[in-house]
Structures are given as C-alpha cells and as structure tokens.
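Q: Coordinates only, no sequence provided:
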C-alpha cells in the first residue's frame, strides 16, 4: 500500500515577525492563563475566552511564514517560547483533566461557554507547543546555520511533506522518497563549480537517490531510501539527512 503527498507553495513577501512582539504575546497568554486559574464558576468563561483568543493569535502568527522565519532565524527565541509553551500546555492539560473529573465546579448555565472556550485554548496551545516550535526546529535542521529566506521557505514545504510521511508510517515502511521541484533556481549550469556538481547527478538514467533534472529555470532533486526491514522513523530520518547535506539543493533555493 502506498501513500502519496504533495505540497505546493507560493512566495511570501511579508516581513518576518518581530521577536519581541511574539514574546509579548506569549506573556499575555501566560497572564491570561493565570486569570483562568484565579477564576471560579461562571467567572471562568471570560478569561478562558480571552486566553483562547490570544492563543489563537499566537498560533496563527507562528504558523505563517513570517513567524516560521522568525523562529528559524533565532534559536534563542525558539528555546524561550518552546519551554514556556510546553509548560503552559502541561498546565492546560492538568486543568482540563480536573474539569472532566468534576474537581472544578461549573454551573450548568456556563457549561457550554466554558467548554467551547476550553477547546479553543487546548487546540491552540497544543499546536503551539507540539507543532509550531517543532516545525521550526525541523526546518532549522534542514537549512543549517547559513539558511536564508528562500531556503527557509523551501525547506518549510519539505518539512510539511516529511512530517506527513512520518504520519503515514504507522507500522514502518520498507521505502520512501521525495522529489523537490525548485523554480527560478538561478543555478548556472555552465559555471565550473555547478557543472562539476551536476555532472554525475544529472546523467543518472536510473533516477536513483540524489539524481537531478534541470530544464531551464526548473530543477528537480530526488531523494530515496529503501531497506528490507525498516524501523519506524528510519525512512524520514534518512531523507532528512540527505536533504540537509545537499549543498546543491541549498544553492538552488
């Protein structure tokens, strides 16, 4: 059984998010949660709704390309937000369990509003702690310390595809592959260094892992992995290593 994934992206000209603004939003989120913990009964509804709104705003901004670029460019920002958001998620999870167990009394008249707001808080804080930061970390690993704007955008799309492959591999698979199409690459095939690096890869008629195809302003890179017996996660780990170590791909992006 096969799974097929496609990711298509377009250029994003918006400026990167400001790190201080993101940290301020995180602080507002923490303060909002403190207000939730201090509230009781029907008074829970308003602080929960406000906290859900702030969490949704931060999630939206970190999920968009300007937020991804800001996180990838600043390891300190990733670390700071990662620790704070993970701690917040743990607190939210405990609170939610207490709600379900009836340890936090809720009047029937406020039950629907509180549940709705709680879902918003949980969904957004989980996404922030477990997806936004981890995605940025994975993209940073792919682009390396010298990554620039176009590489971050391109590797974000690659990371989305690899993450989807991870989810497909529910029992482990014996093979996987990814094809990366880069348009407007700017590679000069006549330049000595580029010509040398292309020589073996562009003539690989078997289209094996590492093969390249170049046609005008479009260049295609392919990476593959296969094993008789594979452990869960081995395939994407191999693909990530091949992609991160490909200087020609980095130059094309």
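A: Good, I have the coordinates. Owing to the predicted nature of the structure, the values given are computational and were not obtained by experimental measurement.
Q: Would you map the helices across the stretch 101-250 of the chain?
A: According to DSSP state H, counting those that start in this stretch, the stretch 101-250 of the chain carries its helices in the segments 111-127, 133-143, 149-168, 192-202, 234-244, 247-252.
Q: Give me the helices and strands touching the shortest one, please.
A: Read it as helix 247-252. strand 175-183, helix 192-202, strand 218-226 (3 or more Cβ pairs under 8 Å, 6 or more residues apart in numbering; DSSP states H and E). From N, CA and C alone the C-beta is placed, and that goes for glycine too.
Q: and it, average pLDDT?
A: When the per-residue pLDDT values of helix 247-252 are averaged, the result is 92.
Q: Over to stretch 194-201?
A: In this model, stretch 194-201 carries a mean pLDDT of 89.
Q: neighbouring contacts of it?
A: Taking Cβ atoms under 8 Å, 6 or more residues apart in numbering as the criterion, the residues outside stretch 194-201 that touch it are 187-189, 210-212, 214, 247-248, 251.
Q: List the buried residues of stretch 135-150.
A: Of the residues in stretch 135-150, those with enough neighbours to count as buried (16 or more other Cβ atoms under 10 Å) are 135-143, 147, 149-150.
Q: with these in mind, which one is nearest to residue 16?
A: Looking at those and their distance to residue 16, the nearest is residue 149, at 8.5 Å (Cβ to Cβ).
Q: I figured the closest one hits residue 72, correct?
A: No - in this structure residue 149 lies outside contact range of residue 72 using Cβ atoms under 8 Å: 9.8 Å.
Q: How about the contacts made by residue 224?
A: By Cβ under 8 Å, 6+ apart, the contact set of residue 224 is 175-177, 208-209.
Q: Let's have the buried residues of stretch 135-150 in TSV, adding pLDDT and distance to residue 161.
A: As requested, these are arranged in TSV below (pLDDT from 0 to 100; distance: Cβ to Cβ, whole Å):
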residue	pLDDT	distance to residue 161
135	97	12
136	97	16
137	96	17
138	96	11
139	97	12
140	96	17
141	95	15
142	95	11
143	93	15
147	69	18
149	71	20
150	84	17
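Q: Find the pair from these with maximum spatial separation.
A: 137 and 150 (19.6 Å).
Q: Domain parsing of the protein, as residue ranges.
A: For the chain, automatic domain parsing gives the domain ranges 19-143, 169-252.
Q: Worst mean pLDDT among those domains?
A: domain 169-252 (a mean of 88).
Q: circling back to that earlier point, tell me which of the helices of the stretch 101-250 of the chain sits most buried.
A: Comparing these on average neighbours per residue, with mean count of other Cβ atoms under 10 Å, the densest one is helix 133-143 at a mean of 21.
Q: Report the angle between it and helix 111-127.
A: Here helix 133-143 runs at 20 degrees with respect to helix 111-127, directions being taken by axes from the mean of the first three to the mean of the last three Cα atoms, to 10 degrees.
Q: report the angle between the axes of helix 133-143 and helix 234-244?
A: Here the directions of helix 133-143 and helix 234-244 differ by 50 degrees (the same axes, to 10 degrees).
Q: What is helix 133-143 packed up against?
A: With contacts defined as 3+ Cβ pairs under 8 Å, 6+ apart, the packing partners of helix 133-143 are helix 65-73, helix 75-101, helix 149-168, helix 234-244.
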